[in-house]
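>>> sequence and predicted structure below; questions after.
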Protein chains: 2
Amino acid sequence: MTTINDIAKMADVSRTTVSRALNDSGYVSEEVRNKIMAIVKETGYMPSLSAKSLRTKRSGVIGVILPKISTETSSRVVNGVNDVLSNEGFQILLTDTELNKQKEVEYIRLLKSRHVDGILILATNVNQPLLDAIQAAAIPVVCLGQKLPGVTSLAYNDYDASADMTTMLLNKGYTRLAFIGISNDDPAVGQLREQAYLDKLKERNLPVKDHWMAVGDFSIDSGYEAMKSILHTSKDDLPSAVFAVTDRMAVGAMEYLKEQGFRIPADMAIAGIGASVMSKYITPALTTIDYYNQEAGQHAARLLLGKINHEQNSEKLKLSYRLILRDSV
Amino acid sequence: MTTINDIAKMADVSRTTVSRALNDSGYVSEEVRNKIMAIVKETGYMPSLSAKSLRTKRSGVIGVILPKISTETSSRVVNGVNDVLSNEGFQILLTDTELNKQKEVEYIRLLKSRHVDGILILATNVNQPLLDAIQAAAIPVVCLGQKLPGVTSLAYNDYDASADMTTMLLNKGYTRLAFIGISNDDPAVGQLREQAYLDKLKERNLPVKDHWMAVGDFSIDSGYEAMKSILHTSKDDLPSAVFAVTDRMAVGAMEYLKEQGFRIPADMAIAGIGASVMSKYITPALTTIDYYNQEAGQHAARLLLGKINHEQNSEKLKLSYRLILRDSV
DNA sequence: AATAAAGATGGAATCGATTCCACATGACAT
DNA sequence: ATGTCATGTGGAATCGATTCCATCTTTATT
């Protein structure tokens, strides 16, 4: 392994000068600089980033904490994050909590000890140990998808999105509206989206029926089971539409309905959230909401870079969304 | 930031002893060890991994080079890789070449300078600069999905998989079999899958018709366009089935056929490869091949760990696959 | 009882960079 | 002629760990 010392020796200068030439810091004569650069190119020398990071306290690495790697949302966001970061010479260190709250905290500490320059976390819940860990880490952190108190956050407009979808369905005459949500642990997806549904029903004085509400866990299967349970518990009082808070659960629900011979949307309309690729190609095509995940990832990355460079213009933009009307409604 | 020196001072021992206590190396009395551990826990101290890596030449980080982050295949593989690696205390440093051959080379050098302990590359092509870069890096590298000469590789059984699918289609009577492939740049997906198709047709003395063959670029749209072009160029000589080498292209093809009023599989059968989630829920459900990507990622990771630990048992297992028969055929 | 071996600890070098400070040179102004 | 300043270069400290070697106890062995 060639080091800066080897280069210095070969160029017959001190390593100080080599460092200056490589980093464009301080004075280096044109002649010496060229000589050094030639040798660097020839040997293929690359400075040890461990050493550099040890000395400078910057690593050029951003830690990304995901709830689950293998989801469409995650990969879109990471894609967006990477767009921005790789252009700025940053690398991504990936961690996956597998929806385990304790791992979130663990990873924050681990990333810190790796001297990452910043952390981007896609949170699915809010809890005190997590907030404490972020405080303790004392490095730039941006949270995407959830509003974390005291942390720079970029949240989707979950309430309005859900409210719009609900309103749209009600306006289309689907007043017998069932709902498939997820656990309240998740303030954004679990609470806000449900609250908007409830509020809109209330606004029109429509009763909220417990047997029209079910809870899933993001998976297709859980959507299937949720739909099954809704149909079973409301035998004589069937809904005319179902709103699932994620596309995957909507797809599961649709699957069950198809199996049971329901025509969609004639017998039962379905809507989801997420604009997954699948939503477009499934039959009937699923009405859903596009959250622009990739753009959100880009924004979050830019926000984080801003914090790292101590820029103060933390433009607290709300993320936008778009309702996509398709055949399932 | 607390360092090992701070801990040493607080525990009133030398930093040597602290290091020993933390790494279970050498002798440390029970008494002193407990004292140190108590202080470590209390302060939340974590050793600087930059310093550690500088000294030990191991970083606990594996570089993963992907052709594209945001695909189902990539995310499944990364998921598998992460399964294995996170258990062994390794982290993943992610890079995305965006299908750019030059970036592959660049990233290998970059990862090397970051002292990653190994590199896992999902290659989509084989070229000399890439092989040279891998040689030059002189660190453990495992390639998944492609057979790289001189590099430990784990390749899917592309030829047999494609041959099986072709045979199955022919056996079902679809002897007028069209094909949507991708560029020959990619030996595995581009060449092997096509070769198997051609060989199987030849075996039965079926003619290979140019107007039944088209090339896409992995995307759904390209599958759509490929199907369109096949139909247009073979007006009076339509195929009875089409075999696309990826699910996404198969979905695109299906989309076009549906638009044109074809019944699937009555008027035209379709098959893909990849076992995407979508393939299961689309109507009609797509016949495809499951490559067990996540397991492949796990294998690749284990193989890499083996190389890192200088184990010689490089079991060159071929990856398996499974044909999934569904309604589209 | 003498000696060897095991147990416990610290000193100091080391990994490969950056950066502060000192010093040398030459140009220019006074 | 002298002082000032910009330019160019090197010496040495430093970042925070690990690890070799030396030293000192304590325990076991013959």
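Arrived safely, thanks for sending.
>>> every contact and neighbour count from this point should use C-alpha atoms.
Noted.
>>> near chain B, which residues of the stretch 51-200 of chain A?
Residues of the stretch 51-200 of chain A that fall close to chain B, judged by C-alpha under 8 Å from any C-alpha of the partner chain: A:51, A:53-54, A:69-72, A:75-76, A:78-79, A:82, A:91-96, A:109-110, A:113-115.
>>> residues contacting the closest residue to chain B within the stretch 1-150 of chain A?
Nearest residue of the stretch 1-150 of chain A to chain B, counting by C-alpha to the nearest C-alpha: A:Leu93, 4.5 Å away. Applying C-alpha atoms under 8 Å, 6 or more residues apart in numbering or on different chains, we find A:Leu93 in contact with A:Val61, A:Ile62, A:Gly63, A:Val64, B:Gln91, B:Ile92, B:Leu93, B:Leu94.
>>> next helix or strand past the host helix or strand of it?
A:Leu93 belongs to strand A:91-96 when assigned by DSSP states H and E. Sequence-wise, the next helix or strand downstream of strand A:91-96 (DSSP H and E) is helix A:101-113.
>>> in this structure A:Asp83 contacts A:His299, no?
No. With contact defined as C-alpha atoms under 8 Å, A:Asp83 does not reach A:His299; the gap is 10.4 Å.
>>> hmm, back to that, what angle do the strand holding A:Leu93 and helix A:101-113 make?
For strand A:91-96 against helix A:101-113, the angle by axes from the mean of the first three to the mean of the last three C-alpha atoms, to 10 degrees is 160 degrees.
>>> same question for strand A:91-96, mean pLDDT?
Averaged across strand A:91-96, pLDDT comes to 96.
>>> ok, stretch A:115-129 next?
94.
>>> with stretch A:27-47 instead?
Mean predicted lDDT for stretch A:27-47 stands at 94.
>>> again with stretch A:283-291
For stretch A:283-291, the per-residue pLDDT averages 97.
>>> got the end-to-end distance for it?
This stretch, stretch A:283-291, spans 22 Å end to end (C-alpha to C-alpha, to the nearest Å).
>>> what comes into contact with that stretch?
In contact with stretch A:283-291 (C-alpha under 8 Å, 6+ apart) are residues A:156, A:161, A:247, A:264, A:270-275, A:279-280, A:319-329, B:282-283.
>>> sort out for me which of these are in helices.
A:Ala161, A:Asp247, A:Ser279, A:Lys280 (DSSP state H).
>>> distance check, the last one against B:Glu42.
Spelled out, it's A:Lys280. Counting by C-alpha to C-alpha, the gap from A:Lys280 to B:Glu42 is 53 Å.
>>> who's more crowded, those two?
Counted by other C-alpha atoms under 10 Å in any protein chain shown, A:Lys280 and B:Glu42 do not tie: A:Lys280 has more neighbours, with 17 against 9.
>>> what's the nearest residue to the more buried one if we skip its chain neighbours?
Spatial nearest neighbour of A:Lys280, chain neighbours left out: A:Leu286 (6.3 Å); criterion: C-alpha to C-alpha, 6 or more residues apart in numbering or on different chains.
>>> and for the one you found, the neighbour number?
A:Leu286 has 28 nearby residues by other C-alpha under 10 Å.
>>> before we move on, what about A:Thr71?
Neighbours around A:Thr71, by other C-alpha under 10 Å: 17.
>>> leaving out the residues flanking it, which one is nearest to it?
B:Ser75 (7.5 Å).
>>> that neighbour and A:Ser74 touch, don't they?
No. B:Ser75 is not in contact with A:Ser74 according to C-alpha under 8 Å; the separation is 9.1 Å.
>>> who has more neighbours out of these two?
Shown here are B:Ser75 and A:Ser74; by other C-alpha under 10 Å, B:Ser75 has more neighbours (24 against 21).
>>> does the more buried one lie in a helix or a strand, and which?
helix B:72-87.
>>> which other helices and strands contact that helix?
Secondary-structure packing of helix B:72-87 (3 or more C-alpha pairs under 8 Å, 6 or more residues apart in numbering or on different chains; DSSP states H and E): strand B:91-96, helix B:293-308.
>>> DNA strand D: which of those is closest?
DNA strand D lies closest to helix B:293-308 among those, at 15.7 Å (C-alpha to the nearest atom of the strand).
>>> now tell me what touches the closest one from outside.
B:73, B:76-85, B:117-120, B:140-144, B:154, B:312-314, B:319.
>>> now, among the ones in helices among the contacts of stretch A:283-291, which is nearest to DNA strand C?
Using C-alpha to the nearest atom of the strand, these come closest to DNA strand C at A:Ala161, 46.5 Å.
>>> who's in contact with that closest one?
Per C-alpha under 8 Å, 6+ apart, neighbours of A:Ala161: A:Arg193, A:Ile289, A:Tyr321, A:Leu323.
>>> from the residues you listed, which ones fall inside strands?
A:Ile289, A:Leu323 (DSSP state E).
>>> buried residues in stretch A:276-296?
By neighbour count with 16 or more other C-alpha atoms under 10 Å in any protein chain shown, stretch A:276-296 contains the buried residues A:276, A:278-296.
>>> how far away from the center of its chain is that stretch?
16 Å (C-alpha atoms, centre = their mean, to the nearest Å).
>>> then the helix or strand that contains A:Arg33 to CSV, C-alphas only?
Per DSSP H and E: A:Arg33 is located in helix A:30-43. Extracted as CSV, the C-alpha positions of helix A:30-43 are listed here (Å, rounded to 0.1, in the frame of the first residue of the first chain):
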residue,chain,number,x,y,z
GLU,A,30,3.6,24.8,-10.2
GLU,A,31,6.7,22.8,-10.8
VAL,A,32,6.5,20.7,-7.7
ARG,A,33,2.8,20.3,-8.0
ASN,A,34,3.0,18.8,-11.4
LYS,A,35,5.8,16.5,-10.3
ILE,A,36,3.7,15.2,-7.4
MET,A,37,0.6,14.8,-9.5
ALA,A,38,2.5,12.8,-12.1
ILE,A,39,3.7,10.4,-9.5
VAL,A,40,0.3,10.2,-7.9
LYS,A,41,-1.3,9.3,-11.2
GLU,A,42,1.4,6.8,-12.0
THR,A,43,1.2,5.0,-8.7
